[in-house]
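Novice: sequence first, then the predicted structure, then my questions.
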Amino acid sequence: MSTKRLTRSQFRVRNTKVQSGIDKDLGSLTTIQLGGEDFTVPALKAVFARHTAAINASDRARKVAEQCVLEEKAAQVRSQQVLATLSSYLLGTHGPKAVQVLGHFGIEAPKTEQKKSVATRAVAVAKGKATRAARATKGPVARKAVKGKVDERAIKDAIDRPDATRPS
């Protein structure tokens with residue numbers, strides 16, 4: 001016996017050949033004993049026919065399952081598109097009380113963009129300048145490892161004079 005693992009299609013071919021061989025070479029026997037079990041010729045062929053039928057059934061089931069997954073994904077995309085337009089419609093028609101109406105639909109209200117304070121932006125600019133100065137002309141990997149040191153006086157200057165840190 002070969003220890004090679006067969007594919008599903010190879011099992012089908014093998015099972016067909018075994019059934020053909022049973023008809024050709026064992027057809028004249030009434031029973032055959034294999035591994036302590038008695039088989040008639042039709043019962044022996046049925047073992048291999050059942051295996052082939054099981055392979056075919058699982059292949060069909062797999063195709064159905066794959067098709068169901070594709071349909072689910074398409075339905076999900078479509079429902080997300082419609083939900084987005086429904087949300088926009090509800091926001092547009094209900095105005096200030098739209099948050100409550102959106103809640104009825106299980107839709108979260110859109111988050112408002114928080115404006116950053118002048119001090120926060122000034123600190124971010126100072127950190128960015130310090131990081132760029134510290135990285136110098138290193139390669140991209142080495143540059144990622146470097147973080148600049150922030151000069152506290154530069155931050156205070158940036159907070160005191162925010163217009164000096166704005167890009168032109």
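Specialist: Looks like it came in fine.
Novice: show me what the helix or strand harbouring His94 is packed against.
Specialist: Assigned by DSSP states H and E, His94 belongs to helix 41-94. With contacts defined as 3 or more C-beta pairs under 8 Å, 6 or more residues apart in numbering; DSSP states H and E, helix 41-94 has these neighbours: helix 8-25, strand 31-34, helix 98-104. C-betas here are computed from N, CA, C, even on glycine.
Novice: right, and these - which one's nearest Arg161?
Specialist: Distance to Arg161, taken as C-beta to C-beta, is lowest for helix 98-104 among these, at 39.6 Å.
Novice: mean pLDDT, distance to Glu71 and mean neighbour count added to the helices and strands packed on helix 41-94, as CSV?
Specialist: Below are the helices and strands packed on helix 41-94 laid out as CSV (pLDDT from 0 to 100; distance: least, C-beta to C-beta, whole Å; neighbours: other C-beta atoms under 10 Å):
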stretch, mean pLDDT, distance to Glu71, mean neighbour count
helix 8-25, 93, 25, 13
strand 31-34, 91, 46, 10
helix 98-104, 86, 28, 13
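Novice: looking at the ones you listed, which is closest to Val141?
Specialist: Closest approach to Val141 among the helices and strands packed on helix 41-94 (C-beta to C-beta): helix 98-104, 45.6 Å.
Novice: now what about the closest one, what contacts it?
Specialist: Here helix 98-104 makes contact (C-beta atoms under 8 Å, 6 or more residues apart in numbering) with Ser87, Leu90, Leu91, His94, Glu108, Ala109.
Novice: PyMOL command to pick out the buried ones of those residues?
Specialist: Remark: buried members of these, expressed as a PyMOL selection using 16 or more other C-beta atoms under 10 Å:
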select buried, resi 87+90+91
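Novice: and the contacts of helix 98-104, which two are furthest apart?
Specialist: For the contacts of helix 98-104, and using C-beta to C-beta, no pair is farther apart than His94 and Glu108, which are 15.0 Å apart.
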